[in-house]
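S.K.: have a look; sequence and predicted model below, questions after that.
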Amino acid sequence: VQLVESGGGLVQPGGSLTLSCAASGFTFSFFNMNWYRQAPGKEREWVARISSAGDTLNYADSVKGRFTISRDNAKNTVYLQMDKMKAEDTAVYLCNAHRVALLTVNYWGQGTQVTVSS
């Protein structure tokens with residue numbers, strides 16, 4: 001099982017960045033997908049969620065209206081489009097695959113650093 005994030009980097013306040021998370025080793029279309037983030041010295045924070053079919057989207061209040069989560073089940077990839085970025089968006093962004101069936105299954109990526117600074 002692998003979740004590999006990419007697309008992180010340095011962006012100016014007000015700018016945009018798109019993260020990708022490529023999944024392998026499991027049936028991607030069966031899993032809800034989440035993005036989390038963790039800033040230095042802070043707890044991990046949930047950012048956004050997309051259902052397995054892509055028909056339900058949920059966002060943390062801190063990113064609502066600025067971030068957009070999407071997925072391509074044919075490519076086994078989930079995306080996070082980040083617009084109007086702020087300094088407080090600086091964090092390591094992690095991809096999570098989550099499924100509740102007979103057992104709860106969670107897979108995590110290693111994360112990608114996003115820094116918002118002028």
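M.R.: Noted; the coordinates are in hand. Residues are numbered from 1 along each chain as shown.

S.K.: which elements pack onto the lengthiest strand in the chain?
M.R.: Ranked by residue count under DSSP state E, the longest strand found in the chain is strand 91-100. Packing partners of strand 91-100 (3 or more C-beta pairs under 8 Å, 6 or more residues apart in numbering; DSSP states H and E): strand 2-6, strand 17-24, strand 32-38, strand 104-108, strand 112-116. To be clear about C-beta, it is placed using only N, CA and C from the backbone, and glycine gets the same treatment.

S.K.: what's next to it, contact-wise?
M.R.: With contact meaning C-beta atoms under 8 Å, 6 or more residues apart in numbering, strand 91-100 is reached by 3, 5, 8, 19, 21, 23, 26, 28, 30-39, 42, 44-45, 47, 52, 78, 80, 104-114.

S.K.: if I look at residue 107, how far off is residue 34?
M.R.: 10 Å (C-beta to C-beta, to the nearest Å).

S.K.: which of these two has more residues huddled nearby?
M.R.: residue 34 (22 against 17; other C-beta atoms under 10 Å).

S.K.: quick check: closest non-adjacent residue to the more buried one.
M.R.: residue 96 (4.2 Å; C-beta to C-beta, 6 or more residues apart in numbering).

S.K.: what is the burial count for the nearest residue to residue 29 once chain neighbours are set aside?
M.R.: Leaving aside its chain neighbours, residue 29 sits nearest to residue 73 (4.4 Å; criterion: C-beta to C-beta, 6+ apart). Residue 73: 16 surrounding residues under other C-beta under 10 Å.

S.K.: over to residue 106?
M.R.: Neighbour tally, residue 106, other C-beta under 10 Å: 11.

S.K.: so in that sheet, which strands flank the longest strand of the chain, and in what orientation?
M.R.: Sheet pairing here is set by DSSP bridges, and for strand 91-100 it gives strand 32-38 (antiparallel), strand 104-108 (antiparallel), strand 112-116 (antiparallel).
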